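Novice: need a structure here:
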Amino acid sequence: MNVSPYILYSDGKGNIFEDTSLYVVGRSGWDAMPIPEDEWIELPDGGQLYELPGRRGIGIDVETGDMRLCEKGWAVAAFIPPAHTAFYIAAFETAPDAPTLPLFCYVAAGWFDDKFYVPAMRIENDIRQEAAGFDDKKVHAGVEQMVEAYPHNRLVQHLANNCALTYHCPAARNYFIGRWECPIPTSPACNANCLGCISFQPEDETIVSPQDRLTFKPTAAEIVEFTVPHLETAPYPIVSYGQGCEGEPLLMWETIRESIIEIRKHTSKGSININTNGSKPNAVRELCKVGMNSIRVSLNSVREHIYTPYYRPNNYSFRDIVESIKVVREHGGWASINYFVFPGMTDSVEEYEALRELIRETGLSMIQWRSFNIDPDWYLGKIGVTETGECLGMKQMIELLREEFPDLKFGYFNPPIERINGNYEMDFAHV
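Specialist: Numbers count the residues shown, from 1 in each chain. The predicted model follows:
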């Protein structure tokens, strides 16, 4: 683009309009600022627009060049689909009585030449969660078939009725279509109290979790029963312990260990991954010994003083997380971080320097640049951040890291063993 898009606003009734008297701006940390023209892309397929009640968008006056509020309606932000990384969040001013925003990402969005635009990039070629790649008829047929095949398996029932059919979880839907990554929720409990937890929120909190947490402890036999056939028959298969509908899987590490041993008695195919907070390095070591070869550790920051007030850990520390990553690498496994991108925090100079240190210390394999689904004002207020310091800009930070660490992979999803073993750029999900 050679010009900036125009700001969007909502009338509060589900209708969105453009205001051609204002160019849209972005937000980094607490600050509103112009967005470089080369950082806009069309809103990708699967993206959505939200109105932000109680909030007025900030824009640049087309005639005067001054920043001012759009008074015509509520501010508007975009949700960008998986495989994309945002450079700026939506810039707005929040009224004192505005409701806390639900747990979604709020990316800046504008309108130009009959198209919606967002400041973002595609970070990952993998299409496994592409909106166009799902056929509801196939998902429903797969659910019917698997529920019939495993009538007594509580995990299959949970993945079918809750994850695939109620929450439309892409990982669960892919399982029932018989492809790629198979989710294995395992733990109803957690040893962190994350502010933005998507499966559990205290009753007195101003936000609600968008889904309900797993309510039972699956057995190793239940896990093995449906994962072995998946590894045997699915293209480019992965099985992943640790999902958004549960607590911390490492609290169930003995069951996971037992299930991995049994899985590997039946098949050597595919990759065995865990999505975790990385809180128990000794448990991670035991799982690596029996065949787990991939870990993804979720982080809002690689700085302990930003991490701790968000995760609010019980009986573990930030150093345990670093140690878990190192353990997997020492066993020859693949180690990713699930990095919650918050422009103005993630791309601060201080965070960048801490990330470089983490990469060097751990031999990290991959960064998954994930959208941070949280109300930005609420988040910064909760963790007590009033100043975010000097920032590089997300685009520049990603470019600098690519240059310094050419072997470090960037993406959005856990790669299958074929990508891990040397052909990372393969276009596997199209096959």
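
Novice: report the buried residues of stretch 70-80.
Specialist: For stretch 70-80, the neighbour count (16 or more other CB atoms under 10 Å) marks 70, 73-80 as buried. Heads up, the C-betas are built off the backbone N, CA and C, glycines and all.

Novice: now, which of those residues sits nearest residue 332?
Specialist: Taking CB to CB as the measure, residue 332 sits nearest to residue 80 out of those, at 34.2 Å.

Novice: just checking, that closest one touches residue 86?
Specialist: Yes. Judged on CB atoms under 8 Å, residue 80 makes contact with residue 86 at a distance of 5.8 Å.

Novice: now the common contact residues for those two.
Specialist: 105, 107, 118, 120, 371 (CB atoms under 8 Å, 6 or more residues apart in numbering).

Novice: most surrounded residue in those residues?
Specialist: residue 118 (30 neighbours; other CB atoms under 10 Å).

Novice: give the buried residues for the helix or strand where that residue lies.
Specialist: According to DSSP states H and E, residue 118 maps onto strand 115-122. Buried residues in strand 115-122, counted by 16+ other CB under 10 Å: 116-121.

Novice: would CSV of the residues you listed with pLDDT and distance to residue 230 be doable?
Specialist: Below are these laid out as CSV (pLDDT from 0 to 100; distance: CB to CB, whole Å):
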residue, pLDDT, distance to residue 230
116, 98, 37
117, 98, 39
118, 98, 34
119, 98, 38
120, 98, 32
121, 97, 32
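
Novice: next, give me the two most distant ones among those.
Specialist: Farthest-apart pair in the buried residues of strand 115-122 is 116 and 121; separation 16.0 Å (CB to CB).

Novice: residue ranges with poor pLDDT in the stretch 101-250 of the chain?
Specialist: Applying pLDDT under 70 to the stretch 101-250 of the chain flags residues 203, 207, 209.

Novice: quick one: the strands in it?
Specialist: Applying DSSP state E, counting those that start in this stretch to the stretch 101-250 of the chain gives strands spanning 110-112, 115-122, 181-184, 238-241.

Novice: what's the second one in contact with?
Specialist: This means strand 115-122. The contact list for strand 115-122 (CB under 8 Å, 6+ apart) reads 1, 5, 8, 26, 35, 39-44, 47, 49, 78, 80, 83-88, 107-111, 395, 398.

Novice: which residue is nearest the middle of the protein?
Specialist: Residue closest to the average C-alpha location in the chain (CA atoms, centre = their mean): residue 370, at 4.0 Å.

Novice: do I have it right that it meets residue 339?
Specialist: Yes. Between residue 370 and residue 339 there is a contact at 6.1 Å, judged by CB under 8 Å.

Novice: what helix or strand is the residue nearest to residue 297 when sequence neighbours are not counted on?
Specialist: Distances taken as CB to CB, 6 or more residues apart in numbering place residue 278 nearest to residue 297, at 3.9 Å, with adjacent residues excluded. Using DSSP H and E, residue 278 sits within no helix or strand.

Novice: which pLDDT value goes with residue 34?
Specialist: The model reports residue 34 with a pLDDT of 96.

Novice: I misspoke; the intended subject was residue 1.
Specialist: 61.

Novice: next, the nearest residue to residue 345 once chain neighbours are set aside: secondary structure please.
Specialist: Of all residues not flanking residue 345 in the chain, residue 388 sits nearest, at 5.7 Å (CB to CB, 6+ apart). Three-state call for residue 388 (DSSP: H, G, I helix; E, B strand; the rest coil): coil.

Novice: how far away is residue 388 from residue 306?
Specialist: Distance, residue 388 to residue 306, by CB to CB, to the nearest Å: 10 Å.

Novice: list the contacts for residue 147?
Specialist: Neighbour list for residue 147: 156-157, 160 [criterion: CB under 8 Å, 6+ apart].

Novice: so the residue nearest to the centre of the chain bridges to which residues?
Specialist: Beta-bridge pairing of residue 370 under DSSP bridges involves residue 340.

Novice: going forward, count from 61.
Specialist: In the new numbering, first residue 61, that becomes residue 430.

Novice: tell me the pLDDT of it.
Specialist: The model reports residue 430 with a pLDDT of 95.

Novice: what does the one 5 residues further on give?
Specialist: Reading off the confidence values, residue 435 has pLDDT 96.

Novice: ok, residue 487 next?
Specialist: On pLDDT, residue 487 comes in at 66.

Novice: residue 359 too?
Specialist: Per-residue confidence (pLDDT) for residue 359: 97.

Novice: skip the chain neighbours and tell me the closest residue to it.
Specialist: For residue 359, ignoring the flanking residues on the chain, the nearest one in space by CB to CB, 6+ apart is residue 397 at 5.3 Å.

Novice: I'd like the average pLDDT over stretch 111-125.
Specialist: Stretch 111-125 carries an average pLDDT of 97.

Novice: compute the first-to-last residue distance for that stretch.
Specialist: With CA to CA, to the nearest Å applied, stretch 111-125 spans 25 Å between its terminal residues.

Novice: buried residues in that stretch?
Specialist: Neighbour-count burial for stretch 111-125 flags 111-112, 114-120 (criterion: 16+ other CB under 10 Å).

Novice: so where do the strands sit in the stretch 311-460 of the chain?
Specialist: Under DSSP E, counting those that start in this stretch, the stretch 311-460 of the chain gives strands at 331-336, 354-359, 394-401, 426-431.

Novice: distance to residue 315 added to those strands, as CSV?
Specialist: Below are these laid out as CSV (distance: least, CB to CB, whole Å):
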stretch, distance to residue 315
strand 331-336, 12
strand 354-359, 17
strand 394-401, 22
strand 426-431, 26
